[in-house]
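> Coordinates for the following, if possible.
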Amino acid sequence: AIPTLIAACNSSRERLIVSLLADTGLRRMELANIKLSDINLDDRIITVWGNGAKQRFVCYGTVSARYMAEYLDEMELTGNQTFIPNVWVITNLLKELEQRTGIKCNAHSFRRGFATELRRRVYQS
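Numbering: from 1, shown residues only. The predicted structure is shown next:
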């Protein structure tokens, strides 16, 4: 499903949003609040401020790193700018992708899929 959604994206930003949601299990608001200064590009780690102003770190994979590089090459962001303009950009993108592909697509479904995959990996070890 993820490759189909990414193939339906029209920009590097859209591909990055889908990839990060799938890779990290971030909440919509967490993704919208990421600043460039929160991203460690070398180690592929993002510092996230979640519910209750709790800080945590999430890792992302090589595919997301590639989309991140594409997006950053196109954008001129400074350290204090948010990575995604606002939460509605994410919401509207996911609605559009659901209409284009027929795949149920909301931020929480990515989070649920991430948790399911993580659990599967833990129990296979």
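> any idea which residue sits dead centre in the protein?
L20 (2.3 Å; C-alpha atoms, centre = their mean).
> which residues does Q55 contact?
Neighbouring residues of Q55 by C-beta atoms under 8 Å, 6 or more residues apart in numbering: 47-49. For every residue, glycine as well, the C-beta is placed using N, CA and C.
> in the protein, which ranges drop under the pLDDT threshold?
77-79, 111-125 (pLDDT under 70).
> if you set the cut-off to 50 instead, what comes out?
Scanning the chain for pLDDT under 50 picks out the ranges 115.
> which residues of it fall in helices?
2-7, 12-24, 28-32, 62-74, 87-101, 107-124 (DSSP state H).
> how about the CA coordinates for the second one, as CSV?
Spelled out, it's helix 12-24. Coordinates of each C-alpha in helix 12-24 appear next as CSV, following Å, rounded to 0.1, in the frame of the first residue of the first chain:
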residue,chain,number,x,y,z
SER,A,12,8.8,15.5,-3.0
ARG,A,13,7.0,17.0,0.0
GLU,A,14,4.1,14.7,-0.5
ARG,A,15,6.4,11.7,-0.8
LEU,A,16,8.3,12.7,2.3
ILE,A,17,5.1,13.1,4.3
VAL,A,18,3.8,9.6,3.4
SER,A,19,7.2,8.0,3.9
LEU,A,20,7.8,9.6,7.3
LEU,A,21,4.3,8.7,8.5
ALA,A,22,4.9,5.1,7.5
ASP,A,23,8.5,5.0,8.8
THR,A,24,8.1,6.6,12.2
